[in-house]
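Visitor: Provide a 3D model corresponding to the input given below.
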Amino acid sequence: MTNSRYLLLFALFVGISSAFGTHSAPTTSTSSKRFAPISRSKQTHPQPPRSSQSRLVQLVASDSLEGGGAFYSSSESTKFFPKTAKDIQFIREALLDNVMFTNLPKETLEMLIRAFEKTFVTRDQAIVTQGDSVEGDYVYMVARGECTVFVDGKVVPEPYGTLKARAIFGEMGVLYNQTRAATVQSKSDSVALFRVNGDTFKSVLNQLTLSFEDDPQLMDKIDQAINQVSGTKSLYGGDIISTFKSPRLWLWGRWEGTILQHNCKTVALTMTVSLIFILITRRITDPTWSIGFAPDKSHPYIARLEIIRRLWSYQMSLTTFILTFFLNQAYAFWQEVLGIARRIQGRLNDFHLLIATSCRRNPDGSLTRESEQLMDDVGATSRLFHALFWASCARRFSVLRTPKGMERMATRGLMTSRQLRVLQQLDVPDNQKHNACLEWMMIRAWQGIDDGTLRDDASFSQRLLDQMCTLRATYATIGDKLSCRMPLPYTHFVQILVDGFIFLSPFALYADLGVFSIFGVGVLTLFYTGLLDRTFCSWCTVM
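Guide: Sure thing, here's the model as predicted:
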């Protein structure tokens, strides 16, 4: 009875990346398959004779394929396109800058590079559209220009909302065969792209796709956590506190996340026990009452049950009092942690405000390019701090601080390859790696002061340090609160008290309600175990 309640204490936090595989974006009439290919004379190229894999690798690894038309590998489905040495170097550097491709064998990397073709799109043209199938579609790399990422018709917040040169998008949707979760639309007057067919991408990266499928449940858990911390609420329902809606019919129609969902198995179990008890009772006794009526209390068997009913009534008073007190304490704890979380966000906002108001601007008041880049860097690092910090506090996000979780965050664009390497090399506990993000934010601010992007005066530098120290002191109190949760002996006592009360209910209620005690047991189980489980959830959501 107790095991079932813990199996359902999961929560799920909102993801930008179909531009990184799971982004989504505004609807437009232009399909990703319709934009104009690179202009070249139409030629037909005979397929070369089938040769060994080693011969193919030697062929694609050489630089003798510049110019000319497309040709096929020994596999009819793998098509390679000619490129200049400059294009080859550009694609290689962009791929190696993405953690997904850093461990590829050199031969496989070269094959993937040769499979890209170049194409162009004009302004406001949809390259991929949210909801479209990936079948027959492509993985893309921005070669020149900028693109905008939309989720449900809204621009994704920076720095994830703009894709610049070397950005790769659409690869995760292809690998997982999922519909496009974002729309990517060209922003510049002319955008140059490299693209590779999805089937070719998966076949060439056969080793990579196998590594993604080694533990699909773990990868799915990591992706769910990333989707929630990355903030795409409209797509993934990542609100931390669900919005309350008051209409009665709406409340009656809810199932997901309700006490009914979390306790249905426990309720069914106790009602089954009550039914079995009633059937055994009618079989071993000679009942003088009909099955739809209350039992005869003068019957010897029913008279013995009266002792259990009295014991149960005393326990009900004690259980109700202690459980409500326990719930109040848990709710107060949850409120305190929520207040600390809001203060953490407030201190981050203060730091961002200081940066934004001190950045160098153009004569018309707009930010310079250097200022925009600095603010994007600080914003991206603060998002990474948020993800890693809550992964160190909350059980549901702890998977993000594992080696695979951090690698996955890098492939989804929540950190750079360089940041990943630094975090992996840090000789600190996994639950302390978020502190590096605060260092990066301060270092980036010092760089801005040194190069003139931020104003250089002692008071401003001191204010930045004060805000960062206040932020560190604020989030450190979360750990203090967690270490002062309700002691185990007390929670153990409450659990035993509630379970004992529920266990006696089928025997105590039968003397008064007869067969209708089955429904009475179900209601009591739903109420008391529901209160207890919600109390545990108040502790667990911040554990």
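Visitor: ok, longest helix in the chain?
Guide: Longest helix in the chain, counting residues (DSSP state H): helix 300-358.
Visitor: quick one, phi psi at Asn263?
Guide: Backbone geometry at Asn263, expressed as degrees, to the nearest 10, gives phi -120, psi 10.
Visitor: would you mind measuring from it to Leu374?
Guide: Applying Cβ to Cβ, to the nearest Å, the value for Asn263 to Leu374 is 51 Å. For every residue, glycine as well, the C-beta is placed using N, CA and C.
Visitor: now swap in Arg463 and tell me
Guide: As judged by Cβ to Cβ, Arg463 and Leu374 stand 16 Å apart.
Visitor: returning to that earlier point: after the longest helix of the chain, which helix or strand is next?
Guide: As assigned by DSSP states H and E, the chain's next helix or strand after helix 300-358 is helix 369-393.
Visitor: buried stuff in that next one?
Guide: Judged by neighbour count using 16 or more other Cβ atoms under 10 Å, the buried positions of helix 369-393 are 371-372, 374-375, 377-393.
Visitor: now for that helix, which elements pack on it?
Guide: helix 216-229, helix 300-358, helix 403-411, helix 435-450, helix 458-483 (3 or more Cβ pairs under 8 Å, 6 or more residues apart in numbering; DSSP states H and E).
Visitor: tell me the contacts of Trp289?
Guide: Contact analysis of Trp289 by Cβ atoms under 8 Å, 6 or more residues apart in numbering lists 295-296, 514.
Visitor: so Leu193 sits in a strand?
Guide: Yes - assessed with DSSP: H, G, I helix; E, B strand; the rest coil, Leu193 lies in a strand.
Visitor: and the gap between it and Arg455?
Guide: On the measure of Cβ to Cβ, Leu193 and Arg455 end up 39 Å apart.
Visitor: and those two? Which one has more around it.
Guide: Comparing Leu193 with Arg455 by neighbour count (other Cβ atoms under 10 Å), the higher total belongs to Leu193, at 24 against 14.
Visitor: pretty sure that one contacts Thr119?
Guide: Yes - here Leu193 reaches Thr119: they are 5.4 Å apart, a contact under Cβ atoms under 8 Å.
Visitor: flag every buried residue along the helix or strand containing Ile280.
Guide: In this assignment (DSSP H and E), Ile280 forms part of helix 259-284. The neighbour-count check on helix 259-284 (16+ other Cβ under 10 Å) flags 262-264, 266-267, 270-271, 273-274, 277-278, 281 as buried.
Visitor: what sits against Gln467?
Guide: 347, 350-351, 354.
Visitor: apply 6 Å and report the result again.
Guide: Counting by Cβ atoms under 6 Å, 6 or more residues apart in numbering, Gln467 touches 350-351.
Visitor: what pLDDT does the model give it?
Guide: On the pLDDT scale, Gln467 is placed at 90.
Visitor: same check, this time on Ala476
Guide: Looking at Ala476, its pLDDT reads 87.
Visitor: and it, how far is that from Phe501?
Guide: Relative to Phe501, Ala476 is positioned 40 Å away (Cβ to Cβ).
Visitor: again, but for Ser517
Guide: 15 Å.
Visitor: same thing with Leu348?
Guide: 46 Å.
Visitor: Arg114 too?
Guide: Relative to Phe501, and taking Cβ to Cβ, Arg114 is found at 70 Å.
Visitor: ditto for Asp376
Guide: From Asp376 to Phe501 the distance is 57 Å (Cβ to Cβ).
Visitor: on that earlier part again, helices and strands around the helix holding Ile280, which ones?
Guide: helix 488-513, helix 517-540 (3 or more Cβ pairs under 6 Å, 6 or more residues apart in numbering; DSSP states H and E).
Visitor: of all the ones you listed, which one is nearest Lys433?
Guide: Of all the helices and strands packed on helix 259-284, helix 517-540 sits nearest to Lys433, with 22.8 Å by Cβ to Cβ.
Visitor: for the stretch 151-300 of the chain, give me the ranges with low pLDDT.
Guide: Within the stretch 151-300 of the chain, the stretches with pLDDT under 70 are 159, 206-216, 227-246.
Visitor: 80 instead, please
Guide: Under the criterion pLDDT under 80, the flagged ranges of the stretch 151-300 of the chain are 157-160, 175-176, 204-252, 254, 256-257.
Visitor: can you show me the CA trace of stretch 372-391 as CSV?
Guide: C-alpha atoms of stretch 372-391 as CSV (Å, rounded to 0.1, in the frame of the first residue of the first chain):
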residue,chain,number,x,y,z
GLU,A,372,24.5,42.8,-26.9
GLN,A,373,27.1,40.0,-27.0
LEU,A,374,28.1,40.6,-23.4
MET,A,375,24.5,40.6,-22.3
ASP,A,376,23.8,37.4,-24.2
ASP,A,377,26.8,35.7,-22.6
VAL,A,378,25.8,36.7,-19.1
GLY,A,379,22.2,35.7,-19.7
ALA,A,380,23.2,32.2,-21.1
THR,A,381,25.6,31.6,-18.1
SER,A,382,22.9,32.6,-15.6
ARG,A,383,20.5,30.2,-17.2
LEU,A,384,23.1,27.5,-16.9
PHE,A,385,23.6,28.4,-13.3
HIS,A,386,19.9,28.0,-12.7
ALA,A,387,19.8,24.5,-14.3
LEU,A,388,22.9,23.2,-12.4
PHE,A,389,21.9,24.8,-9.1
TRP,A,390,18.4,23.2,-9.0
ALA,A,391,19.9,20.0,-10.3
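Visitor: mean confidence (pLDDT) on that stretch, please.
Guide: Here the average pLDDT along stretch 372-391 is 90.
Visitor: ok, and what's touching that stretch?
Guide: Under Cβ under 6 Å, 6+ apart, the answer for stretch 372-391 is 158-159, 229, 348, 355, 397-398, 400-401, 415, 433-434, 437, 440-441, 444, 448, 453.
Visitor: which one in this protein is furthest away from the centre?
Guide: Largest separation from the mean C-alpha position in the chain: Ser298, at 61.5 Å (Cα atoms, centre = their mean).
Visitor: would you mind measuring from it to Trp289?
Guide: Remark: distance between Ser298 and Trp289 (Cβ to Cβ) = 10 Å.
Visitor: ok, Phe150 next?
Guide: 69 Å.
Visitor: next one: Arg361
Guide: 88 Å.
Visitor: and stretch 404-416, what's buried?
Guide: Going by 16+ other Cβ under 10 Å, stretch 404-416 has these buried residues: 405-416.
Visitor: before we move on, what about stretch 92-109?
Guide: 94-95, 98-101, 104, 108-109.
Visitor: alpha carbons of it, in PDB - could you do that?
Guide: Provided in PDB are the C-alpha atoms of stretch 92-109 (Å, rounded to 0.1, in the frame of the first residue of the first chain):
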ATOM      1  CA  ARG A  92      34.600  20.700 -39.700                       C
ATOM      2  CA  GLU A  93      35.100  23.500 -37.100                       C
ATOM      3  CA  ALA A  94      31.300  23.900 -36.600                       C
ATOM      4  CA  LEU A  95      30.800  20.100 -36.000                       C
ATOM      5  CA  LEU A  96      33.800  19.900 -33.700                       C
ATOM      6  CA  ASP A  97      32.400  22.800 -31.700                       C
ATOM      7  CA  ASN A  98      29.300  20.700 -30.900                       C
ATOM      8  CA  VAL A  99      29.900  18.100 -28.200                       C
ATOM      9  CA  MET A 100      27.700  15.700 -30.100                       C
ATOM     10  CA  PHE A 101      30.400  15.300 -32.800                       C
ATOM     11  CA  THR A 102      33.600  15.700 -30.800                       C
ATOM     12  CA  ASN A 103      34.100  12.000 -30.300                       C
ATOM     13  CA  LEU A 104      33.400  10.900 -33.800                       C
ATOM     14  CA  PRO A 105      36.200   8.900 -35.600                       C
ATOM     15  CA  LYS A 106      38.000  11.000 -38.100                       C
ATOM     16  CA  GLU A 107      36.800   8.900 -41.100                       C
ATOM     17  CA  THR A 108      33.100   9.200 -40.000                       C
ATOM     18  CA  LEU A 109      33.500  13.000 -39.500                       C
END
